[in-house]
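>>> Got a sequence here, can you model it:
(one chain, ligands or ions: 1)
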Amino acid sequence: MTEIDEITCLTKQLSVEEQLRLEQQNSRLVTHFKASLLEKDARKYWDLFYKRNETRFFKDRHWTTREFTELVEKKSTEKRTLLEIGCGVGNFIFPLIEEGLDFFIIACDLSSKAIEIVQKSKLYDDKHMRAFQVDITTEEILSQVEINSVDVATLIFVLSAVHPDKFISTLKTINKLLKPGGIVLFRDYGLYDMAQLRFKAGHKISENFYMRQDGTRSYYFSVEFLSNIFKEAGFEIAENTYIHRRTINKKENIDVPRVFIQAKVVKPK
Ligand SMILES: C[S@@+](CC[C@H](N)C(=O)[O-])C[C@H]1O[C@@H](n2cnc3c(N)ncnc32)[C@H](O)[C@@H]1O
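Okay, here's the model as predicted:
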């Protein structure tokens, strides 16, 4: 059974309660006015998120070199450039630095509060990294990062926070920054992840796109949709699959299945 079959089965096996929840979500959508405010104020909501949570919300991502072996493979003697888009407070990049990976790291995020926290970290060293605020849905980054200069770009739980109308243009901008042959390493929320199934009526903005209580938003990707947008933006798909994991928190007695999506896509040479 392929991963796609697995999710199709999973989709079919949604419990009656889950199917009802998905239907109920359609009974009251976020108004157009509210949706446009969420888009306009996206930066404000992420700034508030980091003011409230600082470094406490996301855990350091220690799985990345196991899942993305491209991070450890060293094909050339030159120092490679890694662009972490939507770096948050550095839960992806700082473990890589601790492991001593030989990259020059460019880290950017929509939230200036997140960037401030990254820059204050004891692991931040401007000899081998640079962090700055940018909105990746605009082309501002083209004045910060040279075209055709990036070996590896990472999008870890970031594209889901972007409005779906801006997915392709955002991926096209990232494509410009990569060297020919450069790679994007991607992980994000998968279709019918339990977080999607839990949204109540009044939170759905559009198909598979939702607002959270705190004003941040999240899209849930199918492999087919992800493949199409990356191809549309000029990438070749090397890998694209659902990942099934569990979120376990013994203290709070939580043990729930999760659906993520993981992809590796390449800018053609
Ligand atoms: C779930 S966090 C992921 C952080 C980090 N990649 C990690 O692995 O922990 C999503 C991040 O995307 C950032 N983000 C949302 N929209 C963005 C945009 N348009 N441009 C750049 N960053 C954005 C948010 O500020 C937030 O820090």
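>>> Please point out which parts of stretch 153-164 sit buried.
Buried residues in stretch 153-164, counted by 16 or more other C-beta atoms under 10 Å: 153-164. Bear in mind the C-beta positions are built from the backbone N, C-alpha and C, glycine included.
>>> got it, and stretch 184-198?
Those would be 184-193, 195-197, for stretch 184-198 by 16+ other C-beta under 10 Å.
>>> for those, which one is nearest I229?
Of all those, I229 sits closest to F186, with 10.7 Å by C-beta to C-beta.
>>> what about that closest one, distance to the ligand?
According to C-beta to the nearest ligand atom, to the nearest Å, F186 stands 11 Å off from the ligand.
>>> F260 is in contact with that residue, correct?
No - F186 is beyond contact range of F260, at 10.2 Å (criterion: C-beta atoms under 8 Å).
>>> Columns pLDDT and secondary structure on top of the buried residues of stretch 184-198, output as CSV?
Formatted as CSV, the buried residues of stretch 184-198 follow (pLDDT from 0 to 100; DSSP: H, G, I helix; E, B strand; the rest coil):
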residue, pLDDT, secondary structure
V184, 98, strand
L185, 98, strand
F186, 98, strand
R187, 97, strand
D188, 97, strand
Y189, 97, strand
G190, 96, strand
L191, 94, coil
Y192, 93, coil
D193, 94, coil
A195, 94, helix
Q196, 95, helix
L197, 94, helix
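>>> For stretch 137-153, measure first residue to last.
End-to-end distance of stretch 137-153 (C-alpha to C-alpha, to the nearest Å): 15 Å.
>>> Are that stretch and the ligand in contact anywhere?
Yes - counting by C-beta under 6 Å from any ligand atom, the ligand has neighbours in stretch 137-153: T137.
>>> how far does that stretch sit from the chain's center?
In terms of C-alpha atoms, centre = their mean, to the nearest Å, the centre of stretch 137-153 is set 17 Å apart from its chain centre.
>>> mind listing what the nearest residue to L178 once chain neighbours are set aside touches?
Once flanking residues are discounted, L178 sits nearest to K267: 4.4 Å by C-beta to C-beta, 6 or more residues apart in numbering. Residues near K267 by C-beta atoms under 8 Å, 6 or more residues apart in numbering: 175, 178-184, 234-236.
>>> Quick one: the helices in the stretch 101-250 of the chain, in order.
Using DSSP state H, counting those that start in this stretch, the helices found in the stretch 101-250 of the chain span residues 112-120, 167-177, 194-197, 223-232.
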